[in-house]
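Q: Provided below for reference: sequence and predicted model.
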Amino acid sequence: MKRSGDVIAEVEREEQRHSAEGRAAMGVTGETHVEGFWRELARHHLTLYPVVALGLLVIVDQFQLNAFIIQGPEISRGLGVPRGLVALLVSLQGLALTLAALPIAASVEARPRRAMVAKTTGVAWSVATLFTGLVANGFGLGALMLLDGASSGSVLAVHQPLLLDSYPTSLRGRIVSVYRAFYEAGAVLSPLFVALLTGVFLLTWRGVFLAMGATALLVSLVALRLRDPGFGRWDEARLRSLLRAEPADDERQADEHRLRFFEITRRLLMITTMRRVLLSYAILGMLLVPLNTYFIFFLEQRWGLAPDRRGLFFAGVAVFSVVMVLLFSRHSERLFRSSPGRLFRLAAVVQLAGLCCIGAALLMPVFAAMFVAFGLGIGCFAVVTPMVQTGFLSIVRAQMRPHATALAGIFLYGVGGIGGSIVLGGLDVRYGVVGSVAAVLGVGVFSSIALNSVRRHVDADLDRTVAEVVEEEELRALRASGARLPMLSCRHLDFSYGQLQVLFGVDFSVDDGEMVALLGTNGAGKSTLLRVISGLGLPSRGSVRFRGADITYLDAERRLPLGITQVPGGRAVFGPLSVVNNLRVYGHTYGRQRREVERGIDSAFAAFPRLAERRNQPASTLSGGEQQMLGLAKALILKPRLLLIDELSLGLAPKVVGELMGTVRTINRAGVAVVLVEQSVNVALSLVEHAYFMERGEIRFDGRARDLLQRGDLVRSVFLEGAGATLAPAT
């Protein structure tokens, strides 16, 4: 009879057939031709409104902090607060920004409401800027700085994911570059606005904040028409439309299978490209924060620039960033379409060129030459940002992108920025200003090395993202057609303990109500495979699906209500607890439904009268067979759909094993699918018709149990002794 697991081979063939379409949907076509910007907008009937609205928000987001830093001395005198508190509030504002990014990302993971969050937080930081002009003491000032920082977390978390879903992939690199140009323009306009208000209109620091806050509030109203187009509109949704004949009624994944905040974060950290990018960002953060501090002292000591001229200097430097970002945008788009790996290599080279330019600025004897060199260096860093973000966000599933950008900000400003301030903060005392800048630039080289290493992994990670979408859509189509999917399907599983890989491309499936034997020698990977199925271990590659739903990265405690239960190898009991309390612990999944727990306990005692006799004894005083009975009794309480049993017969007498296996057979007859991990071929093959054999982390046999007897190359004679006599058809 054809097993339902055979549909997985069909899905795999479809994945291979649609792989090129999938990469094209993600924006990677292998071509270098890029259509004109305005022509592409017109072809898709789009406008610049989303990027302009978010760009204006990111400009006014910088008002509060820039005004606060520039007018720090006046604020200190006006409120009578120490200068140290002013510096502390700047640090707390940055900390609030980084810490708020992930909660904001969590708020949009279930529903596409990123536009609403962007608009709401834009109003929040505008109000914080406005009310700073009315503050009466240091406590109020601190509260407003924290509000500004926390609301600015939306810039890290939702702005760019919203942009990626607002424009087609053919414009992705250029749109991200335009948005970055707005950000750099804010670095120009904010200090100039302060200079205008204080120098021309002669406003006090309170007047400056009132004027800037009112301006920010008016500008934030421009974003009122922002709408969230939905997750993955131009990549994942487009790929799905290519694969299906008719649109699905509901794209939302069932809540019981949808990854939640910590599961998404953990999933992202398992992507090689993501880890390398975060490492590069952390090192870059260690560079940027001390660099800005030391270079200000360099401008004062080497060139004698006063505060107002330093403000003009950095405003002029930001102009370089705006121009270079826009000039590089088309080339970045072309390179991304051709090869994401080459894009990351170029980003590493440009970042290294930026380090060299800043190093050259230290040696320039002429101010104009120093200004140009420093501007080019900072411009290189600005160019790298949209390159990297275009690349790594494209290999992340659409619903996870807010978390990815939030993590990037945390590693850049939190891990790197704070770490750099602590580790590299005292270099100027030992090496002088020029020496400290040179040392910080040396650290930046390691960021370029980490960034360059991404090129070896990004294509594979992109292909895996495409494969996930294709697999989901093919399975949806199969369900809609009435095809019978396996209850459990594991595909191409790789798993490692640290650097030691244990599973290699494992394919494994179980049908509803089926009992399957998983055989193999010690160290073959059998128990590890059960850990991956039950959620106690997460694979580095591959997928685990339960009734067609992807549960690969679902927490173990969330798999239990789905019906996945494991009886671990050894003694699956809590020794100090009594027998009845062990059973009550198993019933914890019912919450406060005590009647269900007690009903399950009664069923367990009815199945195992010996346990009923010892109900008040500590579990540690039971015999080995009785402890295994107690471990197996959880199946009668939890009522699983899939029961994973690991080495139930280990170290037990044959008579006890027979009793336990009789119970397993009874559970299976009740409709529960069972995976029986055994070293004893005699025991396993007396119960099942279908068997798998593992060796060195790979599935070497998948078929009828009787056929396994013919594979002498796999099963050694020591395992087969007496098997022929005991083998009987499973009933």
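A: Good, I have the coordinates. Because the structure is predicted, anything quoted here is derived from the model rather than measured.

Q: hey, let's count contacts and neighbours off CA atoms from now on
A: Will do.

Q: Pick out the residue nearest the middle of this structure.
A: Nearest residue to the geometric centre of the chain (Cα atoms, centre = their mean): residue 268, 2.3 Å.

Q: Was I right to think it contacts residue 274?
A: Yes: if you go by Cα atoms under 8 Å, residue 268 and residue 274 touch, sitting 6.5 Å apart.

Q: Tell me how far whichever strand or helix holds the residue nearest to the centre of the chain lies from the chain's centre.
A: Residue 268 is part of helix 261-269 when elements are defined by DSSP states H and E. The chain centre lies 4 Å from the centre of helix 261-269; the measure is Cα atoms, centre = their mean, to the nearest Å.

Q: now do stretch 485-505
A: Centre-to-centre, stretch 485-505 and its host chain are 20 Å apart (Cα atoms, centre = their mean).

Q: Between its first and last residues, what's the separation in it?
A: Stretch 485-505 has its terminal residues 20 Å apart, counting by Cα to Cα, to the nearest Å.

Q: Give me the domain ranges for this structure.
A: Listed by automatic domain parsing, the domain ranges of the chain are 1-26+235-485, 31-231, 488-576+638-726.

Q: possible to save those domains as a markdown table with distance to residue 612 and mean pLDDT?
A: Listed next are those as a markdown table, based on distance: least, Cα to Cα, whole Å; pLDDT from 0 to 100:
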| stretch | distance to residue 612 | mean pLDDT |
| --- | --- | --- |
| domain 1-26+235-485 | 35 | 82 |
| domain 31-231 | 46 | 90 |
| domain 488-576+638-726 | 16 | 84 |
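
Q: Save the ones you listed as CSV, and put in distance to residue 599 too.
A: CSV is the format used below for the domains of the chain (distance: least, Cα to Cα, whole Å):
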stretch, distance to residue 599
domain 1-26+235-485, 25
domain 31-231, 36
domain 488-576+638-726, 11
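
Q: Which one, of the ones you listed, ends up nearest to residue 616?
A: domain 488-576+638-726 (11.2 Å; Cα to Cα).

Q: Surely residue 505 forms part of a strand?
A: Yes: according to DSSP: H, G, I helix; E, B strand; the rest coil, residue 505 belongs to a strand.

Q: Please report phi then psi for the closest residue in space to it that isn't next to it in sequence.
A: Excluding the flanking residues, the one nearest residue 505 by Cα to Cα, 6 or more residues apart in numbering is residue 492, at 3.9 Å. Backbone geometry at residue 492, expressed as degrees, to the nearest 10, gives phi 50, psi 40.

Q: quick one: residue 492 and residue 566, what's the gap?
A: In terms of Cα to Cα, residue 492 sits 22 Å off from residue 566.

Q: ok so, going back, so which elements touch whichever helix or strand comes after the helix holding residue 268?
A: Where DSSP H and E defines the elements, the next helix or strand beyond helix 261-269 is helix 272-303. Counting contacts by 3 or more Cα pairs under 8 Å, 6 or more residues apart in numbering; DSSP states H and E, helix 272-303 packs against helix 261-269, helix 367-394, helix 401-409, helix 419-423, helix 427-453, helix 458-480.

Q: re earlier: buried residues of the helix holding residue 268, list them for me.
A: Neighbour counts over helix 261-269 (16 or more other Cα atoms under 10 Å) mark 261, 264, 265, 267, 268, 269 as buried.

Q: Next: stretch 310-330.
A: 311, 313-326, 328-330.

Q: The residue nearest to residue 505 touches residue 509, doesn't it?
A: No: Residue 492 lies out of contact with residue 509 (Cα under 8 Å); the separation is 11.5 Å.

Q: Please identify which of those two sits among more neighbours.
A: The residue with more neighbours, out of residue 492 and residue 509, is residue 509; 23 against 16, by other Cα atoms under 10 Å.

Q: Now the phi/psi pair for that one, please.
A: Torsion angles, degrees, to the nearest 10, at residue 509: phi -140, psi 150.

Q: Residue 553 too?
A: According to degrees, to the nearest 10, residue 553 has phi -110, psi 20.

Q: Also residue 502?
A: According to degrees, to the nearest 10, residue 502 has phi -110, psi -40.

Q: distance of it from residue 154?
A: For residue 502, the distance to residue 154 - Cα to Cα - is 41 Å.

Q: More neighbours: those two, which one.
A: Between residue 502 and residue 154, residue 154 has the larger neighbour count (other Cα under 10 Å), namely 30 against 19.

Q: Contact partners for the more buried one?
A: Taking Cα atoms under 8 Å, 6 or more residues apart in numbering, we find residue 154 in contact with 100, 101, 104, 105, 117, 118, 121.

Q: Residue 83 is nearest to which of the helices and strands packed on helix 272-303?
A: It is, among the helices and strands packed on helix 272-303 and with distance given as Cα to Cα, helix 419-423, at 18.3 Å.

Q: Would you mark the buried spots in the closest one?
A: For helix 419-423, by 16+ other Cα under 10 Å, it's 419, 420, 421.

Q: Turn these into a markdown table, including distance to residue 143.
A: What follows is the buried residues of helix 419-423, written out as a markdown table (distance: Cα to Cα, whole Å):
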| residue | distance to residue 143 |
| --- | --- |
| 419 | 25 |
| 420 | 26 |
| 421 | 24 |
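
Q: tell me which of the residues you listed is nearest to residue 649?
A: Distances from residue 649 to the buried residues of helix 419-423, taken by Cα to Cα, are shortest for residue 419, at 52.9 Å.

Q: May I have stretch 332-349 exported as PDB, CA atoms only?
A: Presented in PDB, the C-alpha positions along stretch 332-349 are these (Å, rounded to 0.1, in the frame of the first residue of the first chain):
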ATOM      1  CA  SER A 332      23.700  47.800  -5.300                       C
ATOM      2  CA  GLU A 333      20.300  46.800  -6.900                       C
ATOM      3  CA  ARG A 334      22.100  45.400  -9.900                       C
ATOM      4  CA  LEU A 335      24.500  43.400  -7.800                       C
ATOM      5  CA  PHE A 336      21.800  42.100  -5.500                       C
ATOM      6  CA  ARG A 337      19.800  40.800  -8.500                       C
ATOM      7  CA  SER A 338      22.900  39.200  -9.900                       C
ATOM      8  CA  SER A 339      24.300  37.600  -6.700                       C
ATOM      9  CA  PRO A 340      23.600  38.400  -3.100                       C
ATOM     10  CA  GLY A 341      27.000  37.000  -2.100                       C
ATOM     11  CA  ARG A 342      28.800  39.500  -4.300                       C
ATOM     12  CA  LEU A 343      26.700  42.300  -2.700                       C
ATOM     13  CA  PHE A 344      28.100  41.400   0.700                       C
ATOM     14  CA  ARG A 345      31.600  41.200  -0.600                       C
ATOM     15  CA  LEU A 346      31.300  44.700  -2.100                       C
ATOM     16  CA  ALA A 347      29.800  45.900   1.300                       C
ATOM     17  CA  ALA A 348      32.900  44.500   3.100                       C
ATOM     18  CA  VAL A 349      35.200  46.200   0.600                       C
END
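
Q: Give me the buried positions along it.
A: Neighbour-count burial for stretch 332-349 [16+ other Cα under 10 Å]: 332-349.

Q: Among those, which lie within helices?
A: Using DSSP state H, the members of the buried residues of stretch 332-349 that fall in helices are 332-338, 340-349.

Q: circling back to that earlier point, now the angle from the helix holding residue 268 to helix 401-409?
A: Taking axes from the mean of the first three to the mean of the last three Cα atoms, to 10 degrees, helix 261-269 and helix 401-409 form an angle of 70 degrees between their directions.

Q: Report all helices and strands that helix 261-269 contacts.
A: helix 272-303, helix 401-409.

Q: Nearest to residue 130, out of these?
A: Checking these against residue 130 by Cα to Cα gives helix 401-409 as the closest, at 25.8 Å.

Q: and that closest one, what does it pack onto?
A: Judged by 3+ Cα pairs under 8 Å, 6+ apart, the packing partners of helix 401-409 are helix 83-107, helix 160-166, helix 261-269, helix 272-303, helix 367-394.
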